[in-house]
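Enquirer: Have a look at this prediction, sequence included:
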Amino acid sequence: MILDRYIGQRILTASAMTLFTLTAVFSFFALVDQLGDTGRGDYGVMQAIQYVLLTIPRLSYELFPIATVIGSMTALGILANSSELTVIRTAGISQKRLAYSLLKIGVVFAVISILMGEMIVPIAEQNAKQKRSIALNQQIGMKSKYGFWLRDGNHYINIRKILPGNRIGEIYIYAFDEDRQLQSNIFAKHAAYNQGQWVLHDILKTEITEKQITNKRYATAEWDVLLDPEIISRVAIEPQYLSTYDLINYMGYLEVNNQNSKQYAQAFWSKIINPFAIMGMMLLSICVVRCEGRSMQLGQRIFMGALIGIVFHFVNQVSGYFGIIYGVSSFLSICLPTIVVLAYICYSLNPVFPKYYAYLTKKIAKP
C-alpha cells in the first residue's frame, strides 16, 4: 500500500540517521577510552581504532531499540507538525491501521536486528576481543585460522576455541626435547580452569620414540601451563553477544555439570524478546504522538523518544539484575518490561478497553 511505503520510508530514514548518529557518538567515547591503553604491549593507536571499528556492530545492536523509538517519534512528529497525520486520519485511517503500517516496518527492523545478533555481532565482537588481547598480552604468541598459538618452555600449544567461563576447546600440545625432536602430541577436547588449576578432558596422548608410536587415552588430567585465565576471559565473548545456538549449547553444558546457567539463560531470553521490544518501541510512538498532537516541537519529540528509549533500556537492565539477585525466573525478569509496554499499547490502541473501564467505573461509582 502507498501509505505503508510512505510511512515506512520516513521511519526508516529517521531511524537510520538516528542509529548512525548514536553509534558515531558512542564509538568516539569508546575510542577515547581505548586510547588510555595505548603503549601497553603492541597496542597502539591503529589497534585501538581497529578495536572500536569491530565493536560498531555490537553498539548498533544495543542501540537499535533506542534508535527505532527516536526515529519513529521523529517521523510521526514531522507528519503531525505538517498536518499530514491529520489528513491521514481524516481520510479514514484508524489508529489500528496506522499501527499496522508501523508494525510492517517494525518486522523489517526486527529481522535486521536478529541477523545482526546472530551472524555479525558474535564474529565481530570475538575478533575485537582477540586482537586487543593479543596486542596487550605477550603470552599469546599469534593467532591464525587454526586458533591461538603460544609457547611454554619446550611445549607449543594450539588452542582452537575460546569458550566462556574460563574454558577452552580443541587443545593441541606439542612437546619437543632439547634437540627439537617431537616427543609427544596431546589432544584434548576441552579444558577448564577450576580452583587455580587447568584440567584437560577427553585426552588422546601420542608418544613418539625411535622404535614406536603409542597412543593413550585419559578422561581427565591436570595441566601445568603458564596460561593466565584472565587472558581467556578477555578473549571470550560475553553471554549477551553470543548467538542463540551457542547460548543453548553452553547452557546445556552448564546444566550437565551442575553449574549456574542463570546469566546465560537471561542472555537467551533477551535475544528472544529483543525483536518484540523493537516493535513495541515503534508502536509506543503512536501513543505519544497521539497524546501530544501538534503541541510539541520536533526537538522535543526527539528528546521524548530518547528519554523513552533510555528509560526502557534502564528498566530492562534493572529487571535483569533483580532476576539474578532474587532468583526470579529468567523469562519473567527479562520479558516483563516488554510485556508491560505491549500491554499498554494494546490498551491504548483498542477502544474497547477504555470504554469498558469507563463503564465499570461508572457502575461502581453509582450508588
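Expert: All right, it came through fine. Residues are numbered from 1 along each chain as shown.

Enquirer: tell me how far the longest helix along the chain is from the chain's mean position?
Expert: Secondary structure of the chain per DSSP state H: the longest helix is helix 45-81. Helix 45-81 has its average C-alpha position 14 Å from the chain's average C-alpha position, going by C-alpha atoms, centre = their mean, to the nearest Å.

Enquirer: Mind checking what helix or strand follows it in sequence?
Expert: Counting by DSSP states H and E, the next helix or strand C-terminal to helix 45-81 is helix 84-90.

Enquirer: helices or strands up against the helix or strand immediately after that next one in the chain?
Expert: Counting by DSSP H and E, the next helix or strand C-terminal to helix 84-90 is helix 95-115. Packed against helix 95-115 by the contact rule (3 or more C-beta pairs under 8 Å, 6 or more residues apart in numbering; DSSP states H and E) you find helix 2-35, helix 45-81, helix 262-292, helix 330-349. The way it works is simple: take the backbone N, C-alpha and C, and place the C-beta from them, glycine included.

Enquirer: possible to save those as a markdown table with distance to residue 210, mean neighbour count and mean pLDDT?
Expert: Putting these into a markdown table (distance: least, C-beta to C-beta, whole Å; neighbours: other C-beta atoms under 10 Å; pLDDT from 0 to 100) gives the following:
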| stretch | distance to residue 210 | mean neighbour count | mean pLDDT |
| --- | --- | --- | --- |
| helix 2-35 | 52 | 16 | 90 |
| helix 45-81 | 46 | 22 | 89 |
| helix 262-292 | 49 | 21 | 82 |
| helix 330-349 | 58 | 18 | 85 |
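
Enquirer: which stretch among these comes nearest residue 308?
Expert: Of all the helices and strands packed on helix 95-115, it is helix 45-81 that lies closest to residue 308, at 5.5 Å by C-beta to C-beta.

Enquirer: closest one to residue 92 among the helices and strands packed on helix 95-115?
Expert: helix 2-35 (11.1 Å).

Enquirer: Could you list every helix and strand that the closest one packs against?
Expert: helix 45-81, helix 95-115.

Enquirer: Now do the same contact list for the residue nearest the centre of the chain.
Expert: Per C-alpha atoms, centre = their mean, the C-alpha nearest to the average position across the chain is that of residue 241, at 3.8 Å. Contacts for residue 241 were tallied using C-beta atoms under 8 Å, 6 or more residues apart in numbering; they are 58, 121-122, 125.

Enquirer: Let's have those in TSV, adding secondary structure and distance to residue 163.
Expert: Shown next, in TSV, are these (DSSP: H, G, I helix; E, B strand; the rest coil; distance: C-beta to C-beta, whole Å):
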residue	secondary structure	distance to residue 163
58	helix	19
121	helix	17
122	helix	13
125	helix	14
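
Enquirer: nearest to residue 211, of the helices and strands packed on helix 2-35?
Expert: Minimum separation from residue 211 across the helices and strands packed on helix 2-35 (C-beta to C-beta) falls at helix 45-81, 49.1 Å.

Enquirer: Distance check, residue 68 against residue 110.
Expert: Separation of residue 68 from residue 110 (C-beta to C-beta, to the nearest Å) stands at 9 Å.

Enquirer: Common neighbours of those two, please.
Expert: What both residue 68 and residue 110 touch, as defined by C-beta under 8 Å, 6+ apart, is the set residue 278.

Enquirer: quick one: low-confidence parts of the stretch 101-250 of the chain?
Expert: 137-146, 164-165, 226, 230-236 (pLDDT under 70).

Enquirer: switch the cut-off to 80
Expert: By pLDDT under 80, the weakly predicted segments of the stretch 101-250 of the chain are 130, 133-153, 161-166, 195-196, 225-239, 250.

Enquirer: What ranges does it have for its strands?
Expert: 142-144, 147-152, 155-163, 167-176, 182-194, 197-208, 213-223 (DSSP state E, counting those that start in this stretch).

Enquirer: Redo those as JSON lines? Include distance to residue 133 and mean neighbour count.
Expert: Shown next, in JSON lines, are those (distance: least, C-beta to C-beta, whole Å; neighbours: other C-beta atoms under 10 Å):
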{"stretch": "strand 142-144", "distance to residue 133": "9", "mean neighbour count": "11"}
{"stretch": "strand 147-152", "distance to residue 133": "9", "mean neighbour count": "18"}
{"stretch": "strand 155-163", "distance to residue 133": "9", "mean neighbour count": "18"}
{"stretch": "strand 167-176", "distance to residue 133": "13", "mean neighbour count": "18"}
{"stretch": "strand 182-194", "distance to residue 133": "16", "mean neighbour count": "17"}
{"stretch": "strand 197-208", "distance to residue 133": "18", "mean neighbour count": "16"}
{"stretch": "strand 213-223", "distance to residue 133": "20", "mean neighbour count": "11"}
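
Enquirer: Can I get the helices and strands packed on helix 2-35 in CSV including distance to residue 154?
Expert: Converted to CSV, the helices and strands packed on helix 2-35 look like this (distance: least, C-beta to C-beta, whole Å):
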stretch, distance to residue 154
helix 45-81, 31
helix 95-115, 46
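
Enquirer: Residue 287 is nearest to which of these?
Expert: Checked against C-beta to C-beta, the stretch from the helices and strands packed on helix 2-35 lying closest is helix 95-115, at 8.8 Å.

Enquirer: And for that closest one, what's in contact with it?
Expert: Under C-beta under 8 Å, 6+ apart, the answer for helix 95-115 is 1, 3-4, 7-8, 11-12, 15, 61, 64, 68, 72, 88-89, 274-276, 278-279, 282-283, 285-286, 290, 345, 349-350.
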